[in-house]
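Colleague: need coordinates for the following:
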Amino acid sequence: MNLEEFYRHFRWWMEPGDKRAVERFHAIEEFFRGFEKASSVLDLCAGTGIAGAAAAKSLSASKLTLVEMREEDVRKVTTWLKIAGIEPELKVITGDVLELPSLAEKHDVAILFGHSMPHFDPFQAVRLFAGVALVLGEDGRFFIEETDRIYRFLYRSVYQPFRVEARGEGYSIISLYEGYDVERGMERRGYYRLPGFEKVTEMELRPWDTASLLAIGRVFFRRGGMIKREEHGITGVSDVILLSKPRKKIAGELYSQF
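Modeller: From the prediction side, this is the model:
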């Protein structure tokens, strides 16, 4: 799986030079504006840092930490901070969010924006949520932006073994169903560039439903709920799961087991 190659074609939503990404930045900023302030924000699977910078501005955070495996992308957070007009204490961590307790210090707020959960199988999701619970303060909050793929693919009947994923200047990227891992609950899809049918990469993806994520979250957090897009009404932001008050004892017991 080559994430760098994948995101070379799927990145308009986080590129500072794309006006659609700038619009999304302001949408995320608007979403966080109504929440209680926080001194520190931890942005997971941060990409270029678009969500972290927007959240840090709206929450008046003096500290922003980004965790991202793609070093080239995360460097662009400086541009988002200029757009935001803020200068928080910045820490960039190039690493795997599944190792979060060994990477990050305690924070008030953690965010996982950009629909990143399909990259994690159910076992990894448990480890991820436990790790987040361990690095948040006693009143910490965890925001996850997601969409319900079971509802979308099954009940709205839009699942396609073959689908067009992106269009560029003179080319298209398509994906094909190439298998399913029953033990891990992961679909394997191959991505190809047309014309020419050149294989770009392949990905293993989990079609998460938001109820399952919320249920896992409630294991590690005392409070949890979902803010649906029709409730917050902000174009450019999907449904958001909000978890708070981590159960650190449970998180500590389970983190090392997954």
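Colleague: any stretches of the stretch 51-200 of the chain with poor pLDDT?
Modeller: The stretch 51-200 of the chain contains residues with pLDDT under 70 at 155-159.
Colleague: just the strands in it please.
Modeller: Along the stretch 51-200 of the chain, counting by DSSP state E, counting those that start in this stretch, strands occupy 63-68, 89-94, 107-112, 136-146, 162-168, 171-181, 186-194, 198-205.
Colleague: phi, psi of residue 228?
Modeller: Dihedral pair for residue 228: phi -80, psi 150, per degrees, to the nearest 10.
Colleague: what does the model give it for pLDDT?
Modeller: Looking at residue 228, its pLDDT is 96.
Colleague: so what's it up against?
Modeller: Counting by CB atoms under 8 Å, 6 or more residues apart in numbering, residue 228 touches residue 239. For every residue, glycine as well, the C-beta is placed using N, CA and C.
Colleague: what's stretch 65-77 in contact with?
Modeller: Contacts to stretch 65-77, defined as CB under 8 Å, 6+ apart, come from residues 3-4, 7, 14-16, 40-49, 52-53, 64, 90-97, 100, 103-105, 107.
Colleague: just the endpoints, please. Distance across that stretch?
Modeller: Chord length of stretch 65-77, first to last residue, is 11 Å (CA to CA, to the nearest Å).
Colleague: repeat for stretch 204-224
Modeller: 28 Å.
Colleague: how far away from the center of its chain is stretch 136-145?
Modeller: 14 Å (CA atoms, centre = their mean, to the nearest Å).
Colleague: convert the C-alpha atoms of that stretch to CSV, please.
Modeller: Provided in CSV are the C-alpha atoms of stretch 136-145 (Å, rounded to 0.1, in the frame of the first residue of the first chain):
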residue,chain,number,x,y,z
LEU,A,136,-6.0,13.3,26.7
GLY,A,137,-6.6,15.1,30.0
GLU,A,138,-9.3,14.1,32.4
ASP,A,139,-11.8,16.4,30.6
GLY,A,140,-10.3,15.8,27.2
ARG,A,141,-12.4,15.7,24.0
PHE,A,142,-12.0,13.7,20.9
PHE,A,143,-13.6,14.9,17.6
ILE,A,144,-13.9,12.4,14.7
GLU,A,145,-15.2,13.5,11.3
